[in-house]
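Visitor: Need coordinates for the following:
(chains A and B)
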Protein chains: 2
Amino acid sequence: MIQQTLLDELMTLVEPGKVLTDPASLETYGRDWTKHYPPAPSAIVFPKTVEQVQAIVRWANAHTIALVPSGGRTGLSAAAVAANGEVVVAFDYMNQILDFNGTDRTVVCQPGVITEQLQNFAEGKGLYYPVDFASAGSSQIGGNIGTNAGGIKVIRYGMTRNWVAGLKVVTGKGDVLELNKDLLKNATGYDLRHLFIGAEGTLGFIVEATMRLERQPNNLTAMVLGTPDFNSIMPVLHAFQNKMDLTAFEFFSDQGLDKLLARGDIPAPFETRTPFYALLEFEATTETRAEQALATFEHCVEQGWVIDGVMSQSETQLRNLWRLREDLSETIAPFTPYKNDLSVTVSKVPAFLADIDAIVTTNYPDFEVIWYGHIGDGNLHLNILKPENLSKDTFFAKCANVNKWVFETVERYNGSISAEHGVGMTKRDYLTYSRSEAEIAYMKAIKAVFDPNGIMNPGKIFH
Amino acid sequence: MIQQTLLDELMTLVEPGKVLTDPASLETYGRDWTKHYPPAPSAIVFPKTVEQVQAIVRWANAHTIALVPSGGRTGLSAAAVAANGEVVVAFDYMNQILDFNGTDRTVVCQPGVITEQLQNFAEGKGLYYPVDFASAGSSQIGGNIGTNAGGIKVIRYGMTRNWVAGLKVVTGKGDVLELNKDLLKNATGYDLRHLFIGAEGTLGFIVEATMRLERQPNNLTAMVLGTPDFNSIMPVLHAFQNKMDLTAFEFFSDQGLDKLLARGDIPAPFETRTPFYALLEFEATTETRAEQALATFEHCVEQGWVIDGVMSQSETQLRNLWRLREDLSETIAPFTPYKNDLSVTVSKVPAFLADIDAIVTTNYPDFEVIWYGHIGDGNLHLNILKPENLSKDTFFAKCANVNKWVFETVERYNGSISAEHGVGMTKRDYLTYSRSEAEIAYMKAIKAVFDPNGIMNPGKIFH
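Guide: All right, here's what the predicted structure looks like:
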């Protein structure tokens, strides 16, 4: 733990009362949504200005004290866990929207702005912030950028990376850099902005971000389509993609639907039950567009790719169809799921999914597998539910075996062991399945450039 | 110059006849479209495989020999000029499209694939490669990526960066890295792909690139609108952007139109002459869409922002309207233009343009200024024509003064001294107007990580 004299010094760098060391705060701010690592920070500090962040980083360098950034702490890879006496830098008091420009369609955000706060702000201006996911109500912009958050609209709008016009960062050396100055075109050397996006706070802290907004989508309309098998989902994706710009193309399995319907508060999309379901969304800007979608649906039925389907006719129906996909994660949480967030190129998805399925069912026939994900981006969420009669410890021990097989399969398919959840601590031992030793060596050397004393979120991404 | 024994060694690394040292080849391959630096390479080497590129880089490291990459050599910042006895690595024989995946909509290209070759290939597959610019007929994919090429469709499709799914590079240390593996989602540490995009060959060579394709646009339709002054162009942009997704929003001045019409082979868009013209393009997917565009045009006329206008009714008309913008650069070339490629955020464009205009006209009232550019991205091309009675030397000496004033204005507006042309040698002395000393120091340290011996395109971007 850190000496009291150093903590006293830290207290002089921020406003009174903005360093906490009580057990409840250490417990709360020392962890994210992952539960594997017991939190053990030395203190939590709440800066209110860029200058205070800079002072904290300089203090940490002077005394070689490790810092862990804390945003909404909704991460699923333990990138925001302080398990080793670190000082947590929490951005809760840097949560203001500082500026808006209607011509440029940009918003200047402090890092602690909640995703939903930005979404609502955009809506108030008649615009749209298109990065959306289940934890939007508590995740923060700084964390979204640090992990390059994805979500449900990536097929149309891309990852968080696409919406970052400019960044202000404090590097591990304590320098303040203004990256890209919100320009659309800027060919003046290396784009360091992109290096900080997805770096999980290991190079520096994001202290301000200019985010782009989009025009609001028009009359969003969803379809849920039941397919006879997983392979049929792919031609459905093509058929629609050839006719229109989709805003989403998700999928989930019938086992997932089972669990959802058991809740009793979400209506079934239609009476027929099929092994898999695709959820797609588009802008029904004109009558013609909606008719096109229905014609494509009929074509898919004729081809045998789709058995039954439904199209939303109102905002309420749209929301209810989306709940089938969005409420899945929360619905299966009580089953203590072993989760993995994988991606391969879209064309490899069917073979990849079949291989993983075969591995699990061959080795653990009593395990229930729930698949869902963002099929339009090749991103699959694998969830294995704990059988009731198995202890947590035995279940997770068996899952450790599964992990290895899954990651070997990912490597064979040239995929990613973490599509949108980052590496943090939970995936760092498996990083070589997705990145070569040479790449990892370059990453470490780049970290040393920005953070020579290794104080920025150490032990995250790599040891 | 390099010793003959070393060149003999180089010859063993590639196929027979693939090292050239004759004066004509040195002259041709030693320069790009910039003419300020006399080319003086020691030799030109033409690798045909990744392994040969790797062998060349290892040879260069062993003997500390500088390498300069050569693609289509259409660059305007001297990034592909070998003025100091370097060995030029030309990718002309690595010009194959290696693979295509219709499901993923990706194409694997060798770096020497010509932009137009990729565009045509995409068209043959019923798809679309959306990065387009005047030099598409000779520029190569490797160079496009190295400079993050922009062009005329950035407002809708973004820069080259957006279309790079994966990269294979040979670093300055001679390592082969496969970056991002063509994945749409991949949160496994720093995205080194983005570091190589726009690095102008200073970190390593791009030896393979997987490029994404898009669906083909539907019934592209252009409008040219004459405005009473520059300031009126901005509300026109907003009016249209609020109603539809534009694929382009360009502008040019009446002085530019004058020069074009003098050629005699391009029809005037309409009879009225106005100080400025906006060229916009959209997909007229439905009748409704075209009607919307006309209604917006009428609204702009009522507001006094537009005086006259025309909408293309056929592909020929579309092409002719585009020539008004696309042929400008070539048309003014005989006037020995001093060129600058600047950008600011879109909202600052009118004030910025007025300031630059005032600087030039106050100091050099006899200079003719021709503005054109990609106003939807805040990217302005400033062209000052040489008065006939002025010698080239005097003109360029005066322009050196202009340069300083222009870049000081760019700095004051937080803009970019090179929006899409890169830094190379022509802008390196002005880099501090766009990037801070601290940023430049980090860039140099990153270069040292990938290229410790400083053999990769030395003297480009920075000294």
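Visitor: Quick check: phi and psi at the closest residue to A:A55 other than its chain neighbours.
Guide: Distance criterion C-beta to C-beta, 6 or more residues apart in numbering or on different chains; nearest residue to A:A55, sequence neighbours excluded, is A:L13 at 4.3 Å. (C-beta placed from N, C-alpha, C; glycine too.) When read as degrees, to the nearest 10, the backbone of A:L13 gives phi -90, psi -20.
Visitor: For A:L13, give me its contacts.
Guide: Contact analysis of A:L13 by C-beta atoms under 8 Å, 6 or more residues apart in numbering or on different chains lists A:45, A:52, A:55-56, A:59.
Visitor: Present the residues you listed as JSON lines; the columns should include secondary structure.
Guide: Formatted as JSON lines, the entries for the contacts of A:L13 read as follows, by DSSP: H, G, I helix; E, B strand; the rest coil:
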{"residue": "A:V45", "secondary structure": "strand"}
{"residue": "A:Q52", "secondary structure": "helix"}
{"residue": "A:A55", "secondary structure": "helix"}
{"residue": "A:I56", "secondary structure": "helix"}
{"residue": "A:W59", "secondary structure": "helix"}
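Visitor: Which one (most neighbours) among the residues you listed?
Guide: Within these, A:V45 tops the neighbour count with 26 neighbours, counted by other C-beta atoms under 10 Å in any protein chain shown.
Visitor: surely it meets A:G17?
Guide: No. At 11.0 Å, A:V45 and A:G17 do not qualify as touching, with contact defined as C-beta atoms under 8 Å.
Visitor: How many residues are close by A:M1?
Guide: Burial of A:M1, expressed as a neighbour count using other C-beta under 10 Å, amounts to 10.
Visitor: ok, now which ones touch it?
Guide: By C-beta under 8 Å, 6+ apart, A:M1 lies in contact with A:42, A:85.
Visitor: Would you check how far apart it and A:A80 are?
Guide: A:M1 sits 20 Å away from A:A80, taking C-beta to C-beta, to the nearest Å as the criterion.
Visitor: Can you report how many residues lie near A:V176?
Guide: A:V176 has 18 neighbours, counted by other C-beta under 10 Å.
Visitor: Spell out the secondary structure type for A:A24.
Guide: Under three-state DSSP, A:A24 falls in the helix class.
Visitor: Enumerate the residues of the stretch 1-150 of chain A near chain B.
Guide: Of all the residues in the stretch 1-150 of chain A, those in contact range of chain B (C-beta under 8 Å from any C-beta of the partner chain) are A:101, A:103-104, A:106, A:147-148, A:150.
Visitor: Just these: which are in helices?
Guide: When the residues of the stretch 1-150 of chain A next to chain B are checked against helices (DSSP state H), the matches are A:T147.
Visitor: Tell me which of the residues of the stretch 1-150 of chain A next to chain B fall in strands.
Guide: In this view, the residues of the stretch 1-150 of chain A next to chain B that belong to strands under DSSP state E are A:101, A:106.
Visitor: out of the residues of the stretch 1-150 of chain A next to chain B, who's nearest chain B?
Guide: Proximity of those to chain B (C-beta to the nearest C-beta) peaks at A:T103, which lies at 3.7 Å.
Visitor: Identify the residue spatially nearest to the closest one, adjacent ones excluded.
Guide: B:S347 (3.7 Å).
Visitor: Low-confidence regions, the stretch 251-400 of chain A specifically.
Guide: For the stretch 251-400 of chain A, applying pLDDT under 70 flags no range at all.
Visitor: Give me the mean pLDDT for stretch A:119-137.
Guide: Predicted confidence along stretch A:119-137 averages 96 (mean pLDDT).
Visitor: ok, and what's touching that stretch?
Guide: By C-beta under 8 Å, 6+ apart, the residues outside stretch A:119-137 that reach it are A:33, A:72, A:74, A:97, A:100, A:102, A:105, A:107, A:114-116, A:118, A:139, A:144, A:149-153, A:156-157, A:159-160, A:163, A:211, A:213-217, A:326, A:329-330.
Visitor: would JSON lines of the residues of the stretch 1-150 of chain A next to chain B with pLDDT and neighbour count be doable?
Guide: JSON lines is the format used below for the residues of the stretch 1-150 of chain A next to chain B (pLDDT from 0 to 100; neighbours: other C-beta atoms under 10 Å in any protein chain shown):
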{"residue": "A:N101", "pLDDT": "97", "neighbour count": "17"}
{"residue": "A:T103", "pLDDT": "92", "neighbour count": "17"}
{"residue": "A:D104", "pLDDT": "95", "neighbour count": "20"}
{"residue": "A:T106", "pLDDT": "98", "neighbour count": "22"}
{"residue": "A:T147", "pLDDT": "96", "neighbour count": "30"}
{"residue": "A:N148", "pLDDT": "97", "neighbour count": "25"}
{"residue": "A:G150", "pLDDT": "93", "neighbour count": "28"}
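Visitor: can I get the residues of the stretch 1-150 of chain A next to chain B in TSV with distance to A:C399?
Guide: Formatted as TSV, those follow (distance: C-beta to C-beta, whole Å):
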residue	distance to A:C399
A:N101	48
A:T103	51
A:D104	47
A:T106	44
A:T147	23
A:N148	26
A:G150	24
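Visitor: So which of the residues of the stretch 1-150 of chain A next to chain B is the closest to A:V176?
Guide: Distances from the residues of the stretch 1-150 of chain A next to chain B to A:V176 were compared by C-beta to C-beta; the smallest belongs to A:T106, at 19.9 Å.
Visitor: contacting residues for A:D357?
Guide: A:V369.
Visitor: Mind checking what secondary structure it has?
Guide: When classified by three-state DSSP, A:D357 comes out as helix.
Visitor: distance of it from A:V402?
Guide: Relative to A:V402, A:D357 is positioned 12 Å away (criterion: C-beta to C-beta).
Visitor: same check, this time on A:T336
Guide: As it turns out, when the distance is counted by C-beta to C-beta, A:T336 lies 14 Å from A:V402.
Visitor: repeat for A:T296
Guide: Between A:T296 and A:V402 the computed distance is 37 Å (C-beta to C-beta).
Visitor: From the recorded domain assignment, give the ranges for chain A.
Guide: When chain A is parsed into structural domains using automatic domain parsing, the resulting residue ranges are A:4-90, A:97-215, A:220-329, A:336-420.
Visitor: closest to B:K447 out of those domains?
Guide: Nearest of the domains of chain A to B:K447, taken as C-beta to C-beta: domain A:97-215 at 8.2 Å.
Visitor: Return the residues of the stretch 201-350 of chain A in contact with chain B.
Guide: Counting by C-beta under 8 Å from any C-beta, the residues of the stretch 201-350 of chain A close to chain B are A:203, A:215, A:234, A:238, A:241-242, A:245, A:286, A:288, A:343-347.
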